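J.: just coords:
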């Protein structure tokens, strides 16, 4: 393979063959193809795109760059859920124990907070003692014992993706549907899954702000899954405002546990129910979405889901007593309220600005090497569509460091819009993409 | 400046400001911006383009990365000629002494052969002792003494271009009109010129094979020159077949000297006359192209142009006696003929294939670090449109190394097409682009 010829082909809008993609990715992973050629190809892919076959081949090349879990000896269909990232999205903490309680095997390998978006691993690490950095054999053992486990990506899984992602981040080549698809799917397929449910976020706080882009990404993810013989469903869901009421790691753990106890906010509970239901259908526990939704309610009501979560927390070194005593979780020293400046209806709670405010308070990372404060964040008392009176509390900021409070306050003030006329809340689940096969 | 933001802007088809371009190029030249970010931006420029203002700013940024000659104290308008490269193009060796003899100051800094195209410096170095690697002060002295000088690009002139070109070469980002424009114009403007005549080649042997691309490049070059307050004319000329009859370094020196003696091939003489005439008009020696053409013929006839050439050869360490005794030039040990396979008319002499054949014989470079054999090359006895009988000699190969002869022969056989019907030779000068200002 001649790297400049291959780059030229993509630059000129031609397709790359499976062998070409494989050899480029293998060469890049081994360090034989320099970064400057990879970044030129990445930019050409950004601007020229890749068709379904090329995207599947790229995914495969990245998958083959590392190890793949073989979970075939474990009981139950192996099904995972993946979200493209948002603010206040703690669904993984709910749907994994629910799906496991309902009979699936859920090998959930998650990521960390970056920019305005949160990360499942950071949320879990708010639980004192919790360790998501399991070896593959520990991960397998927890999975076998509890039906699910929370793991962190290691260098053994899709190393090409780690190397490519670092390069994309500094060369403005992140926003490309085939590249995003291959990055997500290579890591998910490495988990040895039979099926996958994707939560593709759309709206201000999402990676893909427009519905059109979210739809294109969902279609690309589903097609790539199908090309690898997996059952994949995708939901397109709203991320114009934060999901649930809490953003911030310990605060979100509390909200997730409340949801496992059947007392979660409506929107969060609804989305968890839908995601879990699709997981059960993808994993052939049932063919009926309605029956699957009923299973969600049943394992929540019976406490089975909460019990599973407690077991995994304990297995992974965390203190399961936090589920009953939230005071055992890290707590911020200070609180501050933001109140409605006028009477009317909440018209917007811009998720990106709120996520950024939460990051500034210490809940997230501006750079991937930054430290997280698990205690801080924002808790909303109102959501879009709610009526407010001037002076009502809209949200509470939980913080430890006064120095960045003002920035966060200003951002949240700008994120909140109040309208004199009544406002219809956004539809939570916009579209559902289920392949015909 | 944030490099990823700037790359993103161009990726999304937005314009870059002068300050952004300047800071990116300066950062890249100093090594602060890594190659992988530069190559991503180069690919984005390839696919998104740059407008006239951005191209002029990029040129300026590259120009400012190094030194600029100040020739204002020398007499005469400073005018250079630049060709986009071709096969058998030895016009520089003719037009520089002609223009100098007619009153211009011609600071000609040239390049080397690469791929199927020849380079002026390699041609001049076929003259025993000739040294084009002058320091800026030596270059200035020869210029002052003779009215023209032949120099080689140094690291002092537009170092950003050297660094960028090396990167473009390995990342499939060579073929981009704004990048080509900035590369050419930054080096030419660094010569401290008042005006420039561009010979933009079109056809099989040209960098821009189609007339449309050549036209777009010519327009971009002229606009960038104007943006820098220079008088620039561009001719679009034919490079479907080699220019003149000889391709190969010493062989081309002979043909150039013959042209300076008034005995050159018709096409070469015509193109040299037109280029020199435009140089004289650009340099305001006269406003009339016809008068300028007459000046060309006059300094050839009087021997003044040849005399100037002899002086520069001597000044730059070469043996001026070669102009009278071609046997002092390197001569190949072997010759081989290619003969017409049928009777008819020469329909094509594919310049790219002939250039490649000549390179294979040793006259050019496959890679920029390859050695040149000054003696070898091809001399044509027929050109497109000429009648031939089966068995007539079409060309003679001059070679030293038998091992690559067969490849070269095969290529030239493929390059020659003979038609039973008569053929009209291609128009040598297709278009002329003179700004209205």
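T.: The structure has been received and is ready for your questions. These numbers were taken from a predicted model, which means no experiment stands behind them. Residues are numbered from 1 along each chain as shown, chains lettered A, B, ... in the order given.

J.: all the helices of the stretch 251-400 of chain A, residue numbers only.
T.: A:266-282, A:289-301, A:304-315, A:351-361 (DSSP state H, counting those that start in this stretch).

J.: check the stretch 1-150 of chain A too.
T.: A:3-11, A:18-29, A:35-48, A:52-64, A:91-101, A:120-125, A:136-146.

J.: of those, which stretch is the most buried?
T.: helix A:91-101 (a mean of 29; mean count of other C-beta atoms under 10 Å in any protein chain shown). (Glycine included, C-beta is placed from N, CA and C.)

J.: averaged pLDDT, that helix. What do you get?
T.: Helix A:91-101 shows a mean pLDDT of 98.

J.: circling back to that earlier point, distance to residue B:398 for the helices of the stretch 1-150 of chain A - can I get that in a markdown table?
T.: Formatted as a markdown table, the helices of the stretch 1-150 of chain A follow (distance: least, C-beta to C-beta, whole Å):
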| stretch | distance to residue B:398 |
| --- | --- |
| helix A:3-11 | 32 |
| helix A:18-29 | 40 |
| helix A:35-48 | 38 |
| helix A:52-64 | 48 |
| helix A:91-101 | 74 |
| helix A:120-125 | 71 |
| helix A:136-146 | 67 |
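
J.: now render the ones you listed as JSON lines, adding distance to chain B.
T.: Below are the helices of the stretch 1-150 of chain A laid out as JSON lines (distance: least, C-beta to the nearest C-beta, whole Å):
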{"stretch": "helix A:3-11", "distance to chain B": "4"}
{"stretch": "helix A:18-29", "distance to chain B": "11"}
{"stretch": "helix A:35-48", "distance to chain B": "4"}
{"stretch": "helix A:52-64", "distance to chain B": "17"}
{"stretch": "helix A:91-101", "distance to chain B": "29"}
{"stretch": "helix A:120-125", "distance to chain B": "24"}
{"stretch": "helix A:136-146", "distance to chain B": "31"}
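
J.: between the ones you listed, which one is closest to residue B:359.
T.: Closest approach to residue B:359 among the helices of the stretch 1-150 of chain A (C-beta to C-beta): helix A:3-11, 18.5 Å.

J.: who's in contact with that closest one?
T.: A:15-16, A:20, A:24, A:27, A:33, A:37, A:40-41, A:44-45, A:48, B:43, B:46-47, B:169-173 (C-beta atoms under 8 Å, 6 or more residues apart in numbering or on different chains).

J.: cool, stretch A:12-27 as well?
T.: So stretch A:12-27 is in contact with A:1, A:3, A:6, A:9-10, A:33, A:38, A:41, A:48, A:50-51, A:53-54, A:57-58, A:60-62, A:64-65, A:160, going by C-beta under 8 Å, 6+ apart.

J.: once you drop chain neighbours, what's closest to residue A:85?
T.: residue A:117 (4.1 Å; C-beta to C-beta, 6 or more residues apart in numbering or on different chains).

J.: repeat for residue A:366
T.: residue A:359 (6.5 Å).

J.: report the beta-bridge partners for the most centrally placed residue in chain A.
T.: Nearest to the geometric centre of chain A sits residue A:83, at 3.3 Å (C-alpha atoms, centre = their mean). With DSSP bridges as the criterion, residue A:83 is bridged to residue A:199.

J.: distance check, it against chain B.
T.: 24 Å (C-beta to the nearest C-beta, to the nearest Å).

J.: check contacts around that residue.
T.: Residue A:83 touches A:89, A:91-92, A:198-201, counting by C-beta under 8 Å, 6+ apart.

J.: let's go with 10 Å and repeat that
T.: Applying C-beta atoms under 10 Å, 6 or more residues apart in numbering or on different chains, we find residue A:83 in contact with A:89, A:91-92, A:95, A:110-111, A:117-118, A:120, A:184, A:197-201, A:206-207, A:235, A:237, A:239, A:243, A:271, A:275.

J.: got it, and residue A:89?
T.: Residue A:89 sits next to A:83, A:117-120, A:123, A:199, A:201, A:205-206, A:237, A:239, A:242-244, A:247, A:252, A:268, A:271, A:351 when contact means C-beta under 10 Å, 6+ apart.

J.: report the buried members of the residues you listed.
T.: A:83, A:117-120, A:123, A:199, A:201, A:205-206, A:237, A:239, A:242-244, A:247, A:252, A:268, A:271, A:351 (16 or more other C-beta atoms under 10 Å in any protein chain shown).

J.: and residue A:293, how many neighbours does it have?
T.: 18 (other C-beta atoms under 10 Å in any protein chain shown).

J.: these two touch, right, it and residue A:279?
T.: No - the pair residue A:293 / residue A:279 is not scored as a contact, 11.5 Å apart, by C-beta atoms under 10 Å.

J.: low-confidence regions, the stretch 301-437 of chain A specifically.
T.: A:436-437 (pLDDT under 70).

J.: strands along that one, start to end?
T.: For the stretch 301-437 of chain A, the strands defined by DSSP state E, counting those that start in this stretch occupy A:334-339, A:344-349, A:377-380, A:387-388, A:393-399, A:416-419, A:429-433.

J.: which of these is buried the deepest?
T.: Most buried among the strands of the stretch 301-437 of chain A, counting by mean count of other C-beta under 10 Å: strand A:377-380, with a mean of 26.

J.: just give the strands next to that strand in its sheet, each with its orientation.
T.: strand A:246-247 (antiparallel), strand A:393-399 (antiparallel).

J.: let me see the contact set for the nearest residue to residue A:386 once chain neighbours are set aside.
T.: Distances taken as C-beta to C-beta, 6+ apart put residue A:346 closest to residue A:386, at 5.0 Å, once the chain neighbours are dropped. For residue A:346, the contact set (C-beta under 10 Å, 6+ apart) comprises A:241, A:340, A:380, A:382-388, A:394, A:416-419, A:423, A:425.

J.: now the strands for the stretch 101-250 of chain A?
T.: A:106-110, A:148-152, A:195-202, A:231-238, A:246-247.

J.: what's the most buried one of these?
T.: Counting by mean count of other C-beta under 10 Å, strand A:246-247 has the highest mean neighbour count of the strands of the stretch 101-250 of chain A, with a mean of 30.

J.: how far off centre is that one?
T.: Centre-to-centre, strand A:246-247 and its host chain are 15 Å apart (C-alpha atoms, centre = their mean, to the nearest Å).

J.: try stretch A:92-104
T.: Centroid separation for stretch A:92-104 versus its chain: 16 Å, with C-alpha atoms, centre = their mean.

J.: any idea how far residue A:186 is from chain B?
T.: From residue A:186 to chain B the distance is 21 Å (C-beta to the nearest C-beta).

J.: right, and that residue touches residue A:160 too?
T.: Yes - with contacts counted by C-beta under 10 Å, residue A:186 reaches residue A:160, the gap being 7.4 Å.

J.: okay, and the common contacts of these two?
T.: A:25, A:58, A:61-66.

J.: end-to-end on stretch A:298-309?
T.: 15 Å (C-alpha to C-alpha, to the nearest Å).

J.: same thing with stretch A:382-390?
T.: 13 Å.

J.: list the buried ones in it?
T.: Those would be A:382-384, A:386, A:388, for stretch A:382-390 by 16+ other C-beta under 10 Å.

J.: what does the stretch 251-400 of chain A put close to chain B?
T.: Nowhere does the stretch 251-400 of chain A come near chain B, counting by C-beta under 10 Å from any C-beta of the partner chain.

J.: circling back to that earlier point, now the residue nearest to the centre of chain A: how far from residue A:106?
T.: Here the criterion is C-beta to C-beta, to the nearest Å. By it, residue A:83 lies 14 Å from residue A:106.

J.: what do you get for residue A:198?
T.: Residue A:198 is 14 Å from residue A:106, by C-beta to C-beta.

J.: tell me how far residue A:139 lies from residue A:188.
T.: Distance from residue A:139 to residue A:188, by C-beta to C-beta: 15 Å.
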